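J.: Here is my input, please return the structure:
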Amino acid sequence: MKGIKGGLIYHQGKFYEDYVVLFEDEINLVAQSNQINYREDVDWIDAGGHYVIPGLIDVHIHGYKGHDVMDGDEAGLKAIAKGITENGVTSFLPTTMTMETTYIEMAIENIKKVMLQPVEGAEILGVHMEGPYISKIYKGAQSEKAICLPDQDFVEKYKDVIKVITMAPELEGSKAFIEALSSDINISLGHTGATYEQAREAIKSGAKSVTHLFNAMTGLHHREPGVVGAALATDCYAELIADEIHVHPSLFQVIAKIKGLEKLLLVTDCMCGGGLSEGEYELGGQKVSVKEGTCTLEDGTLAGSVLKLNEALGNFDKNVTEELEKLLPLATLNQATYLGISDKKGSIDVGKDADLVIMDRAFTIQSTFVKGRKVYEI
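T.: Numbers count the residues shown, from 1 in each chain. Below is the predicted model of the structure:
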């Protein structure tokens, strides 16, 4: 059995300085240190006064360190899983792009295969399928030639592994598609030109979230509230790319106050240039330039990010008034609840997976554990 002592343990929404956590593949005990007396049968890890937090969960990530989910490459997907542990990520949804169906199918089949194998890195929870059922006008960095209408038959084949689908609810057949699938898959509104009314109707039909709030959707106007207005006015979840590029940081506090914290999901939307130096990369078969932290297509369109999830948490923390204790769920428990796995992930509680992270106060990751196994150390 392992144990972590000497840190600030995040438990039930608060940090405790005098607590320890004992774990194997699951968390066995969270208790005050004076109740344990540092048992000799425990392999103790000293957190050195750092934060001890639940593992971060990224529900929207396309790649990392030169590898892209759409490559459909087994070794590449494992490299992504391993690489993102340096950012405190212990589980994630590899995210596909709008490309021809054969490429999407290849990527999903690869994800299914890797999910069945032991991976020395973050756990793959399933697939986030971003497109191809999206708006041509609000396609962002997605490929227009591969955009198509919702195909329920295709999704049904992979209903066991697809956890999120980003789609435009204004497309023909969307209402029936959402109603048929939303009990099994989180339908997220994104890359969409929907009106406020169309977005509200989609949420009423079963759509559960909005993909990268403010980006690639109809904006908030006082006479036409758009998808942003619907996201803020309803109880749906909302992703946010908190890199201070996709959304101005001054809006973080506004979003926190209007939307509230329980339904916000910090995501990276990271592409294969994440964790690497500036240069030229690809995203979904399109050339992307990475310069000064910004990823753009040749026409200047934002194309994902090189954001790390621990950095997203730090960016949000420095731009809002709420304490870190209230913000940690935005990268942990909220995602677990959104995916229906909060009984096993998202917090440091007995019986949950020992997905644990030791992080310093500058949000630098010191160690990452996935189901009790140390997979990263600085």
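J.: What are the structural domain limits within the chain?
T.: The record's domain parsing of the chain by automatic domain parsing lists 2-52+349-377, 55-338.
J.: Quote the end-to-end distance of the shortest one.
T.: With CA to CA, to the nearest Å as the measure, the ends of domain 2-52+349-377 fall 16 Å from one another.
J.: what do you get for the longest one?
T.: As for domain 55-338, its first-to-last residue distance stands at 15 Å under the measure CA to CA.
J.: Rounded mean pLDDT for it, please.
T.: Average pLDDT, domain 55-338: 97.
J.: Test my guess that residue 31 contacts residue 18.
T.: No - with contacts defined as CB atoms under 8 Å, residue 31 does not count as touching residue 18, sitting 9.8 Å away. Heads up, the C-betas are built off the backbone N, CA and C, glycines and all.
J.: higher neighbour count, the two?
T.: The neighbour count for residue 31 versus residue 18, taken as other CB atoms under 10 Å, is higher for residue 31 (17 against 12).
J.: beta partners of that one?
T.: residue 20 (DSSP bridges).
J.: I'd like to know which elements the longest helix anywhere in the chain is packed against.
T.: Longest helix in the chain by number of residues (criterion: DSSP state H): helix 101-115. Helix 101-115 sits against helix 74-83, strand 89-96, strand 123-124, strand 127-130, with contacts defined as 3 or more CB pairs under 8 Å, 6 or more residues apart in numbering; DSSP states H and E.
J.: Which of the ones you listed sits closest to residue 366?
T.: Between residue 366 and the helices and strands packed on helix 101-115, the tightest spacing by CB to CB is seen for strand 89-96, at 14.1 Å.
J.: Please report how far residue 337 lies from residue 186.
T.: According to CB to CB, to the nearest Å, residue 337 stands 11 Å off from residue 186.
J.: Of those two, which one has the most company?
T.: residue 186 (24 against 19).
J.: Surely that one and residue 162 touch.
T.: No - Residue 186 is beyond contact range of residue 162, at 9.2 Å (criterion: CB under 8 Å).
J.: Stretch 206-222: which residues count as buried?
T.: Residues of stretch 206-222 classed as buried: 206-218, 220 (neighbour count, 16 or more other CB atoms under 10 Å).
J.: Put together JSON lines for these, with distance to residue 87 and secondary structure on each row.
T.: Converted to JSON lines, those look like this (distance: CB to CB, whole Å; DSSP: H, G, I helix; E, B strand; the rest coil):
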{"residue": "206", "distance to residue 87": "32", "secondary structure": "coil"}
{"residue": "207", "distance to residue 87": "29", "secondary structure": "coil"}
{"residue": "208", "distance to residue 87": "25", "secondary structure": "coil"}
{"residue": "209", "distance to residue 87": "22", "secondary structure": "strand"}
{"residue": "210", "distance to residue 87": "24", "secondary structure": "strand"}
{"residue": "211", "distance to residue 87": "21", "secondary structure": "coil"}
{"residue": "212", "distance to residue 87": "18", "secondary structure": "coil"}
{"residue": "213", "distance to residue 87": "21", "secondary structure": "coil"}
{"residue": "214", "distance to residue 87": "23", "secondary structure": "coil"}
{"residue": "215", "distance to residue 87": "21", "secondary structure": "coil"}
{"residue": "216", "distance to residue 87": "24", "secondary structure": "coil"}
{"residue": "217", "distance to residue 87": "26", "secondary structure": "strand"}
{"residue": "218", "distance to residue 87": "32", "secondary structure": "coil"}
{"residue": "220", "distance to residue 87": "31", "secondary structure": "coil"}
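J.: So which of those residues is the closest to residue 55?
T.: residue 209 (20.9 Å).
J.: Quickly note the distance from the nearest residue to residue 182 once chain neighbours are set aside to residue 152.
T.: Leaving aside its sequence neighbours, residue 182 sits nearest to residue 206 (CB to CB, 6 or more residues apart in numbering; 2.9 Å). The gap separating residue 206 from residue 152 is 13 Å, by CB to CB.
J.: Overlap of the contact sets of the two?
T.: residue 181 (CB atoms under 8 Å, 6 or more residues apart in numbering).
J.: Reformat the helices and strands packed on helix 101-115 as JSON lines; add mean neighbour count.
T.: Converted to JSON lines, the helices and strands packed on helix 101-115 look like this (neighbours: other CB atoms under 10 Å):
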{"stretch": "helix 74-83", "mean neighbour count": "20"}
{"stretch": "strand 89-96", "mean neighbour count": "28"}
{"stretch": "strand 123-124", "mean neighbour count": "20"}
{"stretch": "strand 127-130", "mean neighbour count": "27"}
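J.: Out of the ones you listed, which is closest to residue 23?
T.: If we rank the helices and strands packed on helix 101-115 by CB to CB, the stretch that ends up nearest is strand 89-96, at 12.7 Å.
J.: Helices of the stretch 201-350 of the chain, start to end?
T.: All helices of the stretch 201-350 of the chain, identified by DSSP state H, counting those that start in this stretch, fall at 226-233, 250-259, 309-319, 324-327, 333-338.
J.: got the ones you listed as a markdown table, with distance to residue 63 columns?
T.: Shown next, in a markdown table, are the helices of the stretch 201-350 of the chain (distance: least, CB to CB, whole Å):
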| stretch | distance to residue 63 |
| --- | --- |
| helix 226-233 | 26 |
| helix 250-259 | 25 |
| helix 309-319 | 14 |
| helix 324-327 | 26 |
| helix 333-338 | 19 |
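J.: and residue 91, which of those is closest to it?
T.: Across those, closest to residue 91 is helix 333-338 (CB to CB), at 8.4 Å.
J.: what packs against the closest one?
T.: Packed against helix 333-338, as judged by 3+ CB pairs under 8 Å, 6+ apart, are the following elements: strand 56-61, strand 264-267.
J.: Repeat the analysis, applying 6 Å as the threshold.
T.: Using 3 or more CB pairs under 6 Å, 6 or more residues apart in numbering; DSSP states H and E, no helix or strand is in contact with helix 333-338.
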